[in-house]
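S.K.: 3D, please:
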Amino acid sequence: MRSIFAIGASALALAASPALAQDEDDWTGGYIGVQGGYSSVKSDSTATLGGAWTSESAALRNEVTTNLGTKQSDGDLNFGAQIGYNFQTGGAVLGLEGEFLALNGGETISRGPIATTVFPGLSYTYRNTIDPKHMFALKAKLGASSGSTLFYAEGGWAWTKAAVGAGITSNGNYLKGGTVDRTFDGFIVGAGIEHRLGSNIGLRLSYHYADQGDKTYNTAYLPGSAFVTPPYSETINQNLRLHLVRVGINYHF
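M.R.: Alright, predicted model coming up:
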């Protein structure tokens with residue numbers, strides 16, 4: 001966080017230099033900045049059973065797949081930096097921006113032990129994890145200038161690194177699970193408003209939605225599991241979506 005404030009302070013110092021000043025109503029040129037805000041992270045997962053699960057009753061398989069898949073959501077702060085270039089023609093502004101965000105937060109939920117209806121003496125505990133780490137995005141911009149204020153919409157592609165995981169254990173010592181790091185990717189769209197304070201400094205507020213697609217992974221036997229062979233398998237398909245609300249400061253060259 002100290003580095004963010006240092007960059008912001010440097011930008012303000014540069015803005016005081018008349019040699020670098022530019023017309024505050026002209027958005028053409030490059031810029032760099034920092035930003036921070038709130039992220040709402042959502043993830044849905046579904047489970048598919050294979051291997052020796054095919055020898056079990058359909059009723060038991062349905063219970064396990066229903067409980068091993070889940071919906072998760074969490075929210076926390078984010079912070080990062082951006083760099084971009086705008087080109088103004090008349091009242092229209094076109095631009096390209098790249099950004100990097102550090103994402104905080106994450107959620108691990110555990111449910112159980114849950115007794116099965118087929119075998120009342122058999123119960124399972126289920127675990128699911130989503131933990132976003134960071135995001136990089138590249139976006140095109142289309143905006144409308146109203147003097148020192150810019151209204152804009154953006155769209156592009158984003159890549160988000162996240163740890164995802166799932167687990168299933170039973171009172172019969174069936175132990176499966178695992179957490180893996182995956183890079184999700186998908187589209188990002190949003191809109192914002194930026195207002196120039198003088199010739200070089202701009203303050204902005206934005207909202208973006210990112211659909212980062214889905215990833216598939218498998219659980220693995222954990223040490224001490226009484227069931228190793230014949231092998232049972234659980235395949236998890238998990239998606240990732242983010243809502244981002246941020247404020248930022250830009251230094252315009």
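S.K.: ok, Asn200 to Gly178 distance?
M.R.: Relative to Gly178, Asn200 is positioned 50 Å away (criterion: C-beta to C-beta, to the nearest Å). Where you see a C-beta, it was placed from the backbone N, CA and C, and this is true even at glycine.
S.K.: phi and psi next, for Thr116.
M.R.: According to degrees, to the nearest 10, the main-chain angles of Thr116 amount to phi -80, psi 150.
S.K.: can you tell me the number of residues neighbouring it?
M.R.: 17 (other C-beta atoms under 10 Å).
S.K.: check Val34 too.
M.R.: Every residue meeting other C-beta under 10 Å relative to Val34 is counted, giving 20.
S.K.: and it, what element?
M.R.: Val34 belongs to strand 29-51 when elements are defined using DSSP states H and E.
S.K.: which elements pack onto that strand?
M.R.: For strand 29-51, the contact count by 3 or more C-beta pairs under 8 Å, 6 or more residues apart in numbering; DSSP states H and E identifies helix 2-15, helix 58-68, strand 70-89, strand 92-103, strand 123-146, strand 149-170, strand 201-218, strand 232-252 as packing neighbours.
S.K.: CSV please, covering the ones you listed and showing distance to Gly29, mean neighbour count and mean pLDDT.
M.R.: Shown next, in CSV, are the helices and strands packed on strand 29-51 (distance: least, C-beta to C-beta, whole Å; neighbours: other C-beta atoms under 10 Å; pLDDT from 0 to 100):
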stretch, distance to Gly29, mean neighbour count, mean pLDDT
helix 2-15, 13, 13, 42
helix 58-68, 52, 16, 97
strand 70-89, 6, 17, 96
strand 92-103, 10, 18, 98
strand 123-146, 13, 19, 97
strand 149-170, 12, 19, 98
strand 201-218, 11, 18, 98
strand 232-252, 6, 20, 97
